[in-house]
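Q: Return a 3D structure for these sequence lines:
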Amino acid sequence: MAFRQCLRMIRKNMISTVIGASIFTSFNEKTEFPKSDNKLKFEPINIEKLSFDYMIKQSTIDSVNSATQVITVTYSAIESTCNEYRQILSSLMHLMEDTQLYEVSDEHRDTMIALRSELQTKKKLLNQLIGYMENAQRMAESVTSLGYLSGMDSLSISLCERIDDAVRHKDHQLQENIKLEKQYYLLEEQIIKNEAHTVPEKLENNNNVDVNDD
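A: Okay, here's the model as predicted:
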């Protein structure tokens, strides 16, 4: 009797062991534990990015980018306005020269008046842009100094080169305007002198006509 009970216990334990082994085997076949390469990697917080030094440098970089953009956009506006200004001035000079060659119509003179008005508008806009450029240059120079103080010398040097390049090209555009304006003033002076000689001749001719009529 006791033997039978022992046999049953042994058999029962053997069955439990087999079942447990089969479950563990199937669990190992179906479930893959994450390998070391696949495990989530949590990077520690970079304390440097929370420091005032880092935030100052980041702000300086943003300021340099903003200053560069302002300088570039302002110079582009000045260049475009200067080109338009010279085109209008050249057209006006051609019309003025035509008045010295032959009699012109009223429409011709109206066009000259319209061009002079447009020329004044462009001149006013150009002066505003030049003033804006001067303020943008001062702002960029301040940002450059801030970059040096922050230890970003290469960034500051790059901004300085951009400022010098923009100022040099701006001065070139203004010099081209001055050259054409001098030609315009010379032409205007010549026209005034010609008209000063032409008016007395016309008056004398008119007087001669009146005397002959009498």
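Q: and residue 92, how many residues sit next to it?
A: 21 (other C-beta atoms under 10 Å). Where you see a C-beta, it was placed from the backbone N, CA and C, and this is true even at glycine.
Q: isn't it right next to residue 114, touching?
A: No - look at residue 92 against residue 114 with C-beta atoms under 8 Å: they stay out of range, at 9.6 Å.
Q: So which other helices or strands are in contact with the helix or strand hosting residue 60?
A: Following DSSP states H and E, one finds residue 60 within helix 52-101. Contact partners of helix 52-101 among helices and strands, from 3 or more C-beta pairs under 8 Å, 6 or more residues apart in numbering; DSSP states H and E: helix 106-149, helix 153-213.
Q: Deepest-packed of those helices, please.
A: Across the helices and strands packed on helix 52-101, averaging neighbours per residue (mean count of other C-beta atoms under 10 Å) puts helix 106-149 on top, at a mean of 15.
Q: Report the inter-axis angle for that helix versus helix 52-101.
A: Interaxial angle, helix 106-149 versus helix 52-101 (axes from the mean of the first three to the mean of the last three C-alpha atoms, to 10 degrees): 160 degrees.
Q: Would you mind checking the average pLDDT for helix 106-149?
A: Throughout helix 106-149, pLDDT has a mean value of 92.
Q: go on, stretch 68-87?
A: Rounded mean pLDDT across stretch 68-87 is 95.
Q: Show me the contact partners of that stretch.
A: Identification of contacts with stretch 68-87 by C-beta atoms under 8 Å, 6 or more residues apart in numbering yields 119, 122-123, 125-126, 129-130, 132-133, 136-137, 139-140, 159, 162-163, 166, 169-170, 173-174, 176-177, 180.
Q: go on, stretch 149-160?
A: 56-57, 60-61, 64, 67-68, 140, 143-145, 147-148.
Q: Distance to residue 103 added to the residues you listed, as TSV?
A: Below are the contacts of stretch 149-160 laid out as TSV (distance: C-beta to C-beta, whole Å):
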residue	distance to residue 103
56	72
57	71
60	66
61	65
64	61
67	56
68	55
140	54
143	60
144	60
145	63
147	64
148	66
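Q: From residue 123, how far off is residue 142?
A: Applying C-beta to C-beta, to the nearest Å, the value for residue 142 to residue 123 is 30 Å.
Q: ok, now residue 179?
A: From residue 179 to residue 123 the distance is 15 Å (C-beta to C-beta).
Q: Contacts only, for residue 167.
A: residue 137.
Q: actually residue 90, not the one I wrote
A: With C-beta under 8 Å, 6+ apart, residue 90 has these contacts: residue 180.
Q: Now stretch 81-93 - C-alpha only, PDB.
A: The C-alpha trace of stretch 81-93 is given here as PDB (Å, rounded to 0.1, in the frame of the first residue of the first chain):
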ATOM      1  CA  THR A  81      16.400 100.600 -55.100                       C
ATOM      2  CA  CYS A  82      19.700 102.000 -56.500                       C
ATOM      3  CA  ASN A  83      19.200 100.100 -59.800                       C
ATOM      4  CA  GLU A  84      15.700 101.400 -60.100                       C
ATOM      5  CA  TYR A  85      16.800 104.900 -59.300                       C
ATOM      6  CA  ARG A  86      19.500 104.900 -62.000                       C
ATOM      7  CA  GLN A  87      17.100 103.500 -64.500                       C
ATOM      8  CA  ILE A  88      14.600 106.300 -63.900                       C
ATOM      9  CA  LEU A  89      17.400 108.900 -63.900                       C
ATOM     10  CA  SER A  90      18.800 107.600 -67.200                       C
ATOM     11  CA  SER A  91      15.300 107.700 -68.800                       C
ATOM     12  CA  LEU A  92      14.800 111.200 -67.700                       C
ATOM     13  CA  MET A  93      18.200 112.300 -69.100                       C
END
